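S.K.: just the structure for this:
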Amino acid sequence: MSPENPKHGVTLTQQENFCFEIQFGTGGPAWLGDESPPLGQDRGPTPAQLLVAAVSNCLADALYFALRKFNPTLEGALKAQGWAEIGRNPAGRLRVLEIRVTLHLPQEGAKYAHLDRILGQFEEFCTVGRSVAQGIPVRMTVVDAAGDVLKVV
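M.R.: Numbers count the residues shown, from 1 in each chain. Next comes the predicted model:
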């Protein structure tokens, strides 16, 4: 791989029709990316799903990092769910119109030190989410283990 920064690069090799093997510059196992029928065969995530996964993963990473800064002994697993709204632009082309992410804390909000401060700024440290949000609206909700909505952006 020879891009400027191979750590953040990928190489895609067509396997069949719309199915591509995706090799990551950091090594590790290859993934298959594919389109849904009728174009593809659902052999892997679609490009839109990969985009949503990247945004969701980055927001979860940023929240986890911020939580650990003030709560070094976190219990439970953070969970992120992401969705893309796909629709047509004014020219009639399919586009990702919006990305929505819900982050689920593993405990009730009261169990976290400095939660207001964390919730007030963590998403600003999400490189992918903030970059994508320059062109696609990214809506985010943070919910605690009791189901209380702690933040909506």
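
S.K.: which helices and strands sit right next to the helix or strand containing residue 21?
M.R.: Assigned by DSSP states H and E, residue 21 belongs to strand 19-24. Counting contacts by 3 or more Cβ pairs under 8 Å, 6 or more residues apart in numbering; DSSP states H and E, strand 19-24 packs against strand 10-16, strand 31-33. Every C-beta, even on glycine, is put in place using the N, C-alpha and C of the backbone.

S.K.: of all those, which one is nearest residue 65?
M.R.: Among the helices and strands packed on strand 19-24, the nearest to residue 65 by Cβ to Cβ is strand 10-16 (23.6 Å).

S.K.: other residues contacting the closest one?
M.R.: Contact with strand 10-16 is made by 1, 20-25, 32-33, as judged by Cβ atoms under 8 Å, 6 or more residues apart in numbering.

S.K.: if we can go back for a sec, now distance to residue 124 too, for the helices and strands packed on strand 19-24, in a markdown table please.
M.R.: What follows is the helices and strands packed on strand 19-24, written out as a markdown table (distance: least, Cβ to Cβ, whole Å):
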| stretch | distance to residue 124 |
| --- | --- |
| strand 10-16 | 26 |
| strand 31-33 | 29 |
